[in-house]
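Undergrad: let me see the structure of the following:
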Amino acid sequence: MKLHYLRLTGIGPFAGTVEIDFAALGASGTFLLEGPTGSGKSTILDAIVYALYGQVAGSATSADRIRSQFAAPTAPSVVDLVFETSSGLHRVRRQPEFQRPKLRGSGTTKEQAKAVLWRIGSPQALPAAIADAAGSGSGSEVIASRLDEVGREVQRAVGLTREQFTQTVLLPQNEFARFLRAGTGDRQQVLQRVFGTETYAAVEKQLEGMRQQAKRQVEAAQQTLSTAVARFTEAAALEDEESTALVEHAAALRLDPLAESADAQLASVDARAESARTAADAATTAEQTARIAADEAGTVRTRLERRYRLDQLAARLEQESPQVERARTALAADETARPVVDLLRRRDTASAAASRAIESLAELVTRTRPDHPDLVDLPAEQLADAASEATASAGALKDLIDLETALPAREERLVARREDLAGRGEKLAALTAALEERPAARAVLVEQRDTARAAGATLPEATQALTVALAVQEATTARTAQEQAVAAAERSAAASLRAARDTAWTETDLRRRRFAGIAAELAVDLEDGAPCPVCGAAEHPRPADPAEDAVSPEQVDAAEAARQRAEQEQARDARDLAVAREKLDRLREQAGENTVETATAVVAAARTALDGATAASRRAEQIEARLTAFDAETETSAAARQREALEVEREDAAIREVAQVLAADRDRLAAARGDDDSISARRRAHTARARAATALLDALRTRTTAEEQAAELAAETDSALATSGLVTAEAAGAAVLPAAERTARQKQLETRAVEESRLADGLAEDGIAETTSTEESRAQAEAALLAAGERLTAARAASREAAGEAARLRGIAQRTAEARGALTAASAQVRTVSEDAGVVVRVADLATGRSADGDRVQLSTYVLMWRLDAVIDAANARLALFSGSELELQRDTGARGAKKTGLDLLVLDRRTDQVRVPETLSGGETFFVSLALALGLADIVMGEAGGVQMETLFIDEGFGSLDPETLETVVREIGRLAEAGRTVGIVSHVGDMKAQIAEQIHVRRGADDRSTVTITA
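TA: Coordinates of the predicted model:
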């Protein structure tokens, strides 16, 4: 990946637009990003990472700080980056979310984050894309425009995740020093994040879960087996000794002996159940034989009792025969006379009805003749026609009666509506006049609002002015205190410098004296015949004597340690002094020539201006609200006037239509009324004529029908008397029985018929006709029945007892068989689960480091050890150049601390052939070891990412800890990276670096805390 161009607007301390042409900076292969601490160097790196991944470089830093506090409230912040990968040229543009003022009213609203990714078609289109500051996409093709889509496409093009990018393109030295000295847990987290080996940890976790699950399954299967054994022993009702044997087999998982014992117990239970079933069958057969004998004895006794009762019934029926014959004769005479008597009654009734109909017709004719003389002599057909005609005429006038009744009220309502219409016309005129006056009033409100807006337009400037004034006031207040702090830091730095020089001189003097007395120190170990370690001679005639001021190695080591501590103290004081001076310079730049008094006065004036602008802005908002309400009221009034005008027009048309309908109804009623006073009177006359004609017609028809019925019944009565043999009406009346007597005789005959049927049916029953019932035969049958019942009771009790015992044993056998099946299933489950669990547990133990085989290393740790070995090999290639082959990284395969880790680092110091822990490295050694480790990790990560090539590389800080010779070596090695085709950006404020690197990005913070960028290329 290669960076071409970066454009920032409103990002971090950069209020304006910053443009960096990385292609021009990388012409020589190396450029310097320099500036004071806090000026914004890291913001440029954060912007690159944010453009690509939507997050800043530091994992512990929030992306919210990407937007500049100096950006205008309504202006978005923009990061625009052009970069090149193996898949082509790309341009990504991102805008972080921010809160902007609402367009209407007060308060703010969230402006959502945005992102666009383009593909630049060719290198020739690159200048047009870089010049497109507005983000219109000149010369480019849009690939994605949603945040998630842009993130996926960028990662696909770059080939690295954000974590991998920040570890391979942005090399923060301090973080790699922490990585070098980190404990196993922290180093493991970094390696997992960079190499993406979380999958192996997830596999470990899953296998551990599977191991626990397998263990639980085995325990559950064993518990199921124990439960099945308990159920079997309970079902089979085993003795304690037999039950104990089964439980012991199950506990020891002796499944085959357990099955054999269970089968033997099941066979024993089945044998007992079969014996009880045979005994129960024999008892049932005996019970059935006794029941048959009892049934036969009962049948004999029942037949004797039945024949005895039938003989008594036959005797009583013979005795009652004369009375029954007399009742049958009387009922026959009654049946003959009753129809004749009924005809006689109906004939007399019809004759009386005919006489009444004749009299009624005569009376009706007399009443009707005065009012309707033309109707009384008409025949039936003409009367019907007259009634229909009069009814039709009355019906035609029915609706006109309601119309005539409602006419006065309708006329009154018409008058009221005309008066109401006149009032509404006056209201409409008043609404029209009020609307004509509103434009002038609105113009006054508009003028007041514009005046207030003009006064409040200075609010952003006043706010900014107050912010600047407060910053100057704070700087002037802090300047004096910081001057004192700088003086104290200068004194401390001078003292520590003197101490460092003193300890260095002391160490040098001790080393010189030790070298001067080294001969005497070697002479101590000389022996005759043994070769001298210096000259090789076997004789030692004059060995050197130790001097009085001889120096021991321990004294030299102590002096060296004192010198190192003094140098560290001096370096720390020097850094503190530089920071204090930088802070004082920044405060002096911010305060300028201002004093505390002048700065306070400026703040007060700025506050007054801000308060005035704020009040004017609020007044403009209030007037705008009043104007909005005024316009809404105008619209409401105009709509109301329009509705009122429409209603007046509709009401006027409706009144005219009602008046026309009312006049037509008056003419219609006058024509229908004729000479009568009203429609009602005319309708009543027609109704009276229709009723009179109908009454005459009904009376005439009633008389004719009554005369015809009387004649028919007289003839039918005479015929019935002659046919029945009853000569006179009196004889017919005498033959009819009273109702109570007739009912009693009918019941007597019905009872006789039932009893005769009972007698015949009883004699027809099986065995009754052949049976002769006597007192002696009935007594013998009763005794036989009693004896048979006793024998049946005894047989039934024996059968019930045998059946109960057989059922009990059958139930035991059935439950035992079911329990045996459950026991078989439980045993099979134990076999299956134990076999499956064994495989799972062995694999899980191997992956989680619990296995007795191998080194007991977890899978995730083993993978990281393999990756770390590759990183160490790559790092040692550069470390040999940095340290002159004096230092070499190694992975600690022994114990560091309480347990074996496999991810600890050691440093082999070839100057002493000693293995050192990273904590013993000096500041310079720590830097180039960490840098070599960082570059090695970058090489491996890019290789793991499919050979991704990173042509742009940033190295952040750490150079201040190097001596000039080592610094030159490191810069020379960085130059070799550039010679291999990479562009390396060094982030540092070390003065020597500025002299060695020509292309530079200078970042400076101004008095208003805003930063600017200048480029030297």
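Undergrad: spit out the contact partners of residue 914.
TA: residue 908 (Cβ atoms under 8 Å, 6 or more residues apart in numbering). C-beta: built from backbone N, CA, C; applies to glycine.
Undergrad: who does it form a beta bridge with?
TA: Under DSSP bridges, the beta-bridge partners of residue 914 are residue 909.
Undergrad: please report how far it lies from residue 868.
TA: 22 Å (Cβ to Cβ, to the nearest Å).
Undergrad: show me what counts as buried in the stretch of helix or strand residue 207 belongs to.
TA: Using DSSP states H and E, residue 207 maps to helix 198-236. If you call a residue buried by 16 or more other Cβ atoms under 10 Å, then helix 198-236 has these buried ones: 200-201, 204, 207, 210-211, 214, 217-218, 221-222, 224-225, 228-229, 231-233, 235-236.
Undergrad: which residues touch residue 623?
TA: Taking Cβ under 8 Å, 6+ apart, one finds 445, 448, 449, 452 in contact with residue 623.
Undergrad: can you do 10 Å?
TA: When contacts are counted by Cβ atoms under 10 Å, 6 or more residues apart in numbering, residue 623 touches 445, 446, 447, 448, 449, 450, 451, 452, 453.
Undergrad: now list the buried members of those.
TA: 445, 448, 449, 452, 453.
Undergrad: how near is the first one to residue 285?
TA: Meaning residue 445. When residue 445 is compared with residue 285 (using Cβ to Cβ), they lie 119 Å apart.
Undergrad: with residue 483 instead?
TA: 128 Å.
Undergrad: who's more crowded, these two?
TA: Neighbour count, other Cβ atoms under 10 Å: between residue 483 and residue 285, residue 483 has more, with 14 against 10.
Undergrad: give me the nearest residue to that one, chain neighbours excluded.
TA: residue 584 (6.2 Å; Cβ to Cβ, 6 or more residues apart in numbering).
Undergrad: can you pull the pLDDT of the one you found?
TA: The model reports residue 584 with a pLDDT of 83.
Undergrad: what sits against it?
TA: 478, 479, 481, 482, 483, 484, 485, 486, 487, 489.
Undergrad: how about the lengthiest strand in the chain as CSV, C-alpha atoms only?
TA: Ranked by number of residues, the top strand in the chain under DSSP state E is strand 2-11. C-alpha atoms of strand 2-11 as CSV (Å, rounded to 0.1, in the frame of the first residue of the first chain):
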residue,chain,number,x,y,z
LYS,A,2,1.3,3.5,-0.9
LEU,A,3,-0.1,6.8,0.3
HIS,A,4,-0.4,9.5,-2.4
TYR,A,5,-2.3,12.5,-0.9
LEU,A,6,-4.0,13.6,2.3
ARG,A,7,-6.4,16.5,2.8
LEU,A,8,-7.8,17.5,6.3
THR,A,9,-10.5,20.1,7.0
GLY,A,10,-11.6,20.8,10.6
ILE,A,11,-9.7,17.9,12.1
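Undergrad: picking up where we left off before, report the buried residues of the strand or helix carrying the residue nearest to residue 483.
TA: Assigned by DSSP H and E, residue 584 belongs to helix 553-591. Across helix 553-591, burial judged by 16+ other Cβ under 10 Å covers 555-556, 559-560, 562-564, 566-567, 569-571, 573-574, 576-580, 582-584, 586-588, 590-591.
Undergrad: residue 52 against residue 158, yeah?
TA: Yes: the criterion here is Cβ atoms under 10 Å, and residue 52 meets it with residue 158 at 6.5 Å.
Undergrad: burial check on residue 430, number of neighbours?
TA: Residue 430 - counted by other Cβ under 10 Å - has 10 other residues nearby.
Undergrad: tell me the first helix or strand C-terminal of the helix or strand hosting residue 32.
TA: Per DSSP H and E, residue 32 falls inside strand 30-34. With elements assigned by DSSP H and E, the helix or strand that comes after strand 30-34 is helix 41-53.
Undergrad: shouldn't residue 16 be in contact with residue 7?
TA: No: with contact defined as Cβ under 10 Å, residue 16 and residue 7 do not form a contacting pair (11.2 Å).
Undergrad: just to revisit the earlier point, which one of the contacts of residue 623 is nearest to residue 734?
TA: residue 445 (122.6 Å; Cβ to Cβ).
Undergrad: residue 16 and residue 7: which is more packed in?
TA: residue 7 (22 against 15).
Undergrad: show me what contacts that one?
TA: 17-21, 47, 51, 78-82, 93, 130, 132-133, 135.
Undergrad: biggest helix in this protein, by residue count?
TA: helix 596-673 (DSSP state H).
Undergrad: got the residue ranges for the helices in the stretch 701-850 of the chain?
TA: Counting by DSSP state H, counting those that start in this stretch, one finds helices in the stretch 701-850 of the chain at the ranges 729-735, 739-764, 775-848.
Undergrad: helix or strand right after the last one?
TA: Later in the chain than helix 775-848, the nearest helix or strand by DSSP H and E is helix 859-882.
Undergrad: dihedrals phi and psi, residue 237?
TA: Note on residue 237: backbone dihedrals following degrees, to the nearest 10 are phi 50, psi 50.
Undergrad: not counting sequence-adjacent ones, nearest residue to it?
TA: Closest to residue 237 by Cβ to Cβ, 6+ apart is residue 812, at 6.2 Å.
Undergrad: so who does that neighbour touch?
TA: Here residue 812 is in contact with 235, 236, 237, 269, 270, 272, 273, 276 (criterion: Cβ under 10 Å, 6+ apart).
Undergrad: list the contacts of the residue nearest to the fifth one when sequence neighbours are not counted.
TA: Using Cβ to Cβ, 6+ apart and skipping the chain neighbours, the partner closest in space to residue 270 is residue 813 (5.3 Å). For residue 813, the contacting residues are 235, 236, 266, 268, 269, 270, 271, 272, 273, 274, 276, 277, by Cβ under 10 Å, 6+ apart.
Undergrad: and residue 813, how far is that from residue 238?
TA: For residue 813 relative to residue 238 (Cβ to Cβ), the value is 13 Å.
Undergrad: with that, I have no additional questions.
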